[in-house]
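**Q** heads up, no residue letters with this:
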């Protein structure tokens, strides 16, 4: 049985600063949405408006993770007040209530590589070529193809349908003006604890490697072209397209459907808006949006209505 006291000990051991309001002996059986509260479950409130809109009438002994003290909640509703309620809530959910995957290599997978770490999972009908190094704890879904020299870092998750290491459309004209595809002899280097969403494609490098650093998150149906370099903690959401030889620096966020032109650098802590088409370098710490994308403000500041400079 898990109690609120167990959760408090977990948060203390993880170094989360928090305050408990309520009875730490109450048992907690799972986690739930704030809009669908259940007795003996934990949820979280993004802000005060969401908390006011929640209905506690049909449940009791609930734990709510909030960001501020002073909320008047019904009897039997406990609070953990902390600086980052979303982070605290999902840490609790993952630690106590999410079943961890078993580590199985499907008999229907084709695995030519002999360089597999411990506790690796590979799903049905996936193909792993002989020049792939897979480190400990990697989880690979179904129908995944890794077909070039590649390194997959520890703890990385690759969802079903992903293709890693296919040649890209990198062409040149010969002396007769005939368009020819450049040979691709590079690979793909993927860091530790990377997440790659379903049906994403990551092309191999033309000469050097396509590089994705530690703790990058990539959504479904994305394209990472040849020689791109995605630095630590960047996030690419669904259907983002990063063209060849682009550099996305640390903590860049790319919204759904955005496109970056080849050989452009997106500066650290920048935010690329939904559907934006980036045709030039983006300085550090900017928000850009539109077609073509324009700088609209500094990241983290309220919009002031300026039209911005084209990028």
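**A** That came through fine. This structure is a prediction, so every number in the text was calculated from the model and none was measured.
**Q** Any stretches of the stretch 1-150 of the chain with poor pLDDT?
**A** The model of the stretch 1-150 of the chain has pLDDT under 70 over residues 69-71.
**Q** again, only using 80
**A** Within the stretch 1-150 of the chain, the ranges that satisfy pLDDT under 80 run 47-53, 57-58, 68-76, 101.
**Q** The stretch 201-311 of the chain now?
**A** In the stretch 201-311 of the chain, residues with pLDDT under 80: 300-311.
**Q** One more pass at 50, please.
**A** Across the stretch 201-311 of the chain, the ranges flagged by pLDDT under 50 are 301-307.
**Q** Which stretches in it count as helices?
**A** Read by DSSP state H, counting those that start in this stretch, the stretch 201-311 of the chain holds no helices at all.
**Q** Kindly report the domain assignment for the protein.
**A** The chain resolves into domains spanning 4-96, 110-298 when parsed by automatic domain parsing.
**Q** Dump these into TSV; add mean neighbour count as well.
**A** Where C-beta positions appear, they are placed from N, C-alpha and C, glycine not excepted. As requested, these are exported to TSV (neighbours: other CB atoms under 10 Å):
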stretch	mean neighbour count
domain 4-96	16
domain 110-298	19
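**Q** and the ones you listed as JSON lines, adding distance to residue 102?
**A** Shown next, in JSON lines, are the domains of the chain (distance: least, CB to CB, whole Å):
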{"stretch": "domain 4-96", "distance to residue 102": "17"}
{"stretch": "domain 110-298", "distance to residue 102": "7"}
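**Q** for these, which one sits closest to residue 104?
**A** domain 110-298 (5.7 Å; CB to CB).
**Q** gap between that closest one and the chain center?
**A** On the basis of CA atoms, centre = their mean, to the nearest Å, domain 110-298 sits 12 Å off its chain's mean C-alpha point.
**Q** go on, stretch 4-23?
**A** That offset, for stretch 4-23, works out to 26 Å (CA atoms, centre = their mean).
**Q** contacts for it?
**A** 24-26, 28, 42, 63, 69, 77-84, 88, 91-92, 95-96 (CB atoms under 8 Å, 6 or more residues apart in numbering).
**Q** What's opposite the closest residue in space to residue 115 that isn't next to it in sequence in the beta bridge?
**A** In space, and not counting its chain neighbours, residue 115 is closest to residue 133: 4.3 Å by CB to CB, 6 or more residues apart in numbering. With DSSP bridges applied, residue 133 shows beta-bridge pairing to residue 115, residue 151.
**Q** ok, residue 133 - contacts?
**A** 113, 115, 150, 151, 152.
**Q** Report the contact partners of the closest residue to the first one other than its chain neighbours.
**A** Meaning residue 113. Computed as CB to CB, 6+ apart, the closest residue to residue 113 that is not its neighbour in sequence is residue 132, at 4.5 Å. Residues near residue 132 by CB under 8 Å, 6+ apart: 112, 113, 115, 146, 149, 150, 151, 152.
**Q** Kindly recompute the last result at 10 Å.
**A** By CB atoms under 10 Å, 6 or more residues apart in numbering, the contact set of residue 132 is 111-116, 146-152, 164-165, 187-188.
**Q** on that earlier part again, okay if I get the contacts of residue 133 as a markdown table plus distance to residue 169?
**A** Below are the contacts of residue 133 laid out as a markdown table (distance: CB to CB, whole Å):
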| residue | distance to residue 169 |
| --- | --- |
| 113 | 27 |
| 115 | 29 |
| 150 | 20 |
| 151 | 24 |
| 152 | 24 |
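**Q** between those residues, which is nearest residue 260?
**A** Comparing those against residue 260 with CB to CB picks out residue 150 as the nearest, at 22.6 Å.
**Q** ok, that closest one touching residue 196?
**A** No - using CB atoms under 10 Å, residue 150 makes no contact with residue 196, being 12.0 Å away.
**Q** who touches both of those two?
**A** By CB under 10 Å, 6+ apart, the residues touching both residue 150 and residue 196 are 164, 190, 202.
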